[in-house]
Each structure stands twice: as C-alpha cells, then as structure tokens.
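Undergrad: my questions concern the predicted model and sequence given below.
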Amino acid sequence: MLQFDLLATDPASHARRGRLTLNHGVVQTPIFMPVGTYGTVKGVMPQSLRDMGAQIILGNTFHLWMRPGLDVVQSFGGLHAFEQWDKPILTDSGGFQVWSLGAMRKITEEGVYFQSPVNGDKLFMSPEVSMQIQTTLNSDIVMQLDECTPYETQGRLTTEAEARKSMEMSRRWALRSKAEFERLGNPNALFGIVQGGMFEHLRQESLQALVEMDFPGYAIGGVSVGEPKDEMLRIMAHTPHRLPATKPRYLMGVGTPEDLVDGVACGVDMFDCVMPTRNARNGTLFTRYGDLKIRNARHRADHQPLDATCTCHACAGPQGIAWNDGGRGGFSRAYLHHLERCGEMLGPMLTSIHNLHYYLNLMQGIRDALDAGTFSQFHAQFKADRARGV
Ligand SMILES: Nc1cc(CSc2ncc[nH]2)c2nc(N)[nH]c(=O)c2c1
Ligand SMILES: [Zn+2]
C-alpha cells in the first residue's frame, strides 16, 4: 500500500512538500533515507536512527540474499523483525549491485548470471527472482529490476545507441517486475526506475513508458555513476518534474548536501546516498559552514564541537543543546581527532551519527521552509552558510 499526499508546492521552483503513507508508517517528504546495505546502517543503533529522526532506511536485495540468506530473513517474517527496525524500509532490486560486481557477471534478456562474491556459487537474478526476494524481505517500497546504464563503457562514453538498448531492456524488465509483483500479491509498493543515460530524449521515452504502466512511485536511476557533476545536474533538472506530480519521485544514489537542496528544487521527494556514512568513516564531516576533515592537525586541541549549531549526540550530548545555545554536553573536535588518530571504533560511530543527523536535519529544515513558504530564502541561506568555511 502507498498513499502520497501533496501538502504544499513552492511557487518559485519544482519543490514540493508531501506525505507518504506506507505499510510500516508515515514518511514526511522531502526525505533522506540512510543506507543500511547489510541490514544495518553501519555503526549506528536503530534507536539512534529513531532519535535523529530517520523515517525510512534502505536495504539491499542482493547483499541480504547473499548473507544471511533468504531462509534466515524469512524465519523472522521479513527484514523489519530481523534488523529490529519497525518503520518503513525501501529495498533496491539488486541490479545495481550485480552491475557493480564488474567482470563476474553476464547480462542477458532473461536476467543476470553472476558468481556469488561470498562463496563463488553460480547465481541468477531476473525481474522475477528480484521480486520474490523483495517479497520475502517485505520491504515497504520495492524497486523494479533494472539495468543501471553506465556512464562509460570500456573507457569511452556510453553511446546513445547503447543507452537506448539498456533503457529498453529496463523498460521490459519493469513490465516483468510488475507482473511478478502482482502475481505474488505483494501488499507493498513497487517503483519503476527511469533510465536513458545522459540523453534527455531517452529519459523522456523511459518515463513515458513507465507512467503508462502506472507505478505508485518512480525513481530516477543511471545517475551518480561516475558522470561529471554538471551531467548529473542536467538530468536532475530534466527528469524529476516531468514525472507525475501526484506520485513520489526518488533520485537514486544522490548526493552531497548541495545536491539534496538543488534536487528538491527540481521536484525530487526522496534521496539516498552512502556519502554521510562513508565520509564519516573516513573523517570528512558535514557542518553548516562547510566540510571539516577531523584528522587535520588543526583540530588536535580544539575544544569546540564539530558544529556549534548541531544538536546531535556527538556535538550536543544526551541533552541535545547546541554549543551556540550554551550546551557543553557533546564531544570536542580534539577528542574526535584523537579517536580517529587512534583508530578507535567510537570515532566512526560518533561521526556517522553526526553526518546522518546533518542530512536528516537539513531535510527537516527544507520541510519546515516548504511549510512556511520560505524555501527560496532557505536555499539561498543554506548556500551562503556552506560557502562561509569552517
Ligand atoms: N546511482 C545509482 C545507485 C543505485 C543504488 S541506490 C541504493 N541501493 C542501496 C543503497 N542505495 C541504483 N540502483 C538501481 N537499481 N538503479 C540505478 O540506476 C541506480 C543508480
Ligand atoms: Zn553533530
């Protein structure tokens, strides 16, 4: 089941405020979805995710199929009980992950043949198999099996003909995914995925065909695949607002804080990206006034928190009072620098909390601005602040 209510639209852009009602709960949009590939958002407890306002997280069909295996997840009645997350979950279909395997796979019309990276078993993933796995996972939002059209093929740009061929196969796989999803009687929501490479007219053909299939929501795939930023922004400006206004739009694998605010202005409702958690593990922290590299020696004896305006547990402690508001319950840059230098596990745990909180708080600020009719001002202030430098 999926219901999408449009609550407000920004007169000066394609930005919109919405509410997504799914089987495991309600999600306010625009939204950022933390990535929990192996059934865990790396290093972050489910309670911490709830405390920071996460409303929906991502799981991965391919990885969970490999480990722990469907029999184990099935014995829990699905992913929610297994990973102790009772709010909505979106699962990606597995195509992107098999594609990322590189050499160890063969793509045919029927599906993808590949070797398990875990034990070398010969495996096969088709639209039907992907739907069967996602039905077992019982995720609230299921993604069709698609082929993520690469930006480059054998070291040269993917041609229009190659992008068309790939988009047309994804279109046929959308139909097969939908047929199997319905045959299985899956009670959740299946999203179609727009492909078409960097070619606007192929994007238009792809989205038109998917809209005719009448999915409850749509994703834009095939970006954030190594293309230059201006190419991603060109597709982001072209495609989202051409999708039905009454249905949710999900931009896959994007992006930086700037991409999220720009993406909302282009009409995107849902984002996912490994950046906040991956950057946290390599010591790159997002703050209101720019990015900060905690390993830099200049933080060695700095008593300030990562971000003096942040109310996350790392910056403001259990009381959640920001440094600028007089709070002193958080951890200092000096301490986080020390943890990073020592390779202590508490380091990535705290930096992941901070970065996820930054992304979720940014989306909360966007929703509040859309509710207040001040999104343009929010957008301008956000950019000015981020340009200030830490
Ligand atoms: N950039 C990008 C990222 C993802 C993974 S989204 C994700 N899965 C798990 C976490 N995050 C994609 N997934 C699919 N199915 N298709 C795509 O075109 C695509 C493109
Ligand atoms: Zn913080």
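TA: Looks like it arrived, so ask away. Ligands and ions are numbered 1, 2, ... in the order given.
Undergrad: only C-alpha atoms for contact and neighbour calcs from this point on.
TA: Noted.
Undergrad: and the protein, which of its residues are near ligand 1?
TA: Residues of the chain lying near ligand 1 by C-alpha under 6 Å from any ligand atom: 35, 58, 60, 92-93, 95-96, 146, 148, 221-225, 252-253, 272.
Undergrad: residue closest to the middle of the protein?
TA: The chain has residue 272 as the residue nearest its centroid, 1.0 Å off, counting by C-alpha atoms, centre = their mean.
Undergrad: quick one, phi/psi of that one?
TA: Torsion angles at residue 272 (phi, psi; degrees, to the nearest 10) stand at phi -140, psi 150.
Undergrad: which residues does it form a beta bridge with?
TA: residue 33 (DSSP bridges).
Undergrad: where's residue 220 relative to residue 353, distance?
TA: Plainly put, residue 220 is 28 Å away from residue 353 if you go by C-alpha to C-alpha, to the nearest Å.
Undergrad: I meant residue 302, not that one.
TA: 20 Å.
Undergrad: which of the two has more neighbours?
TA: Between residue 302 and residue 353, counted using other C-alpha atoms under 10 Å, the more crowded position is residue 353 (23 against 15).
Undergrad: and the next helix or strand past the helix or strand that one falls within?
TA: Under the criterion of DSSP states H and E, residue 353 resides in helix 346-372. Counting by DSSP H and E, the next helix or strand C-terminal to helix 346-372 is helix 375-388.
Undergrad: picking up where we left off before, avg pLDDT for the helix holding residue 353?
TA: The average pLDDT within helix 346-372 is 98.
Undergrad: now do the buried residues in it.
TA: Buried residues in helix 346-372, defined by neighbour count with 16 or more other C-alpha atoms under 10 Å: 347-367, 369-371.
Undergrad: try stretch 320-339
TA: By neighbour count on 16+ other C-alpha under 10 Å, the buried set for stretch 320-339 is 320-323, 327-339.
Undergrad: and for stretch 243-255?
TA: Of the residues in stretch 243-255, 243, 244, 247, 248, 249, 250, 251, 252, 253, 254, 255 count as buried by neighbour count, 16+ other C-alpha under 10 Å.
Undergrad: what of stretch 116-134?
TA: Applying 16+ other C-alpha under 10 Å to stretch 116-134 flags 116, 124, 125, 126, 127, 128, 129, 130, 131, 132, 133, 134 as buried.
Undergrad: can you check stretch 46-66 too?
TA: In stretch 46-66, counting by 16+ other C-alpha under 10 Å, buried: 46, 49, 52, 54-66.
Undergrad: can you name the two of these that are farthest apart?
TA: 52 and 66 (29.9 Å; C-alpha to C-alpha).
Undergrad: quick revisit: from the buried residues of stretch 116-134, pick the one nearest ligand 2.
TA: Taking C-alpha to the ion as the measure, ligand 2 sits nearest to residue 134 out of these, at 34.1 Å.
Undergrad: wait, the closest one sits on residue 142?
TA: Yes - counting by C-alpha atoms under 8 Å, residue 134 does reach residue 142; the two are 6.4 Å apart.
Undergrad: quick check: neighbours shared by those two?
TA: Each of 91, 93 lies in contact with both residue 134 and residue 142 under the rule C-alpha atoms under 8 Å, 6 or more residues apart in numbering.
Undergrad: quick one: low-confidence parts of the protein?
TA: 103 (pLDDT under 70).
Undergrad: domain ranges for it?
TA: Using automatic domain parsing, the domain parsing of the chain gives 2-273, 280-388.
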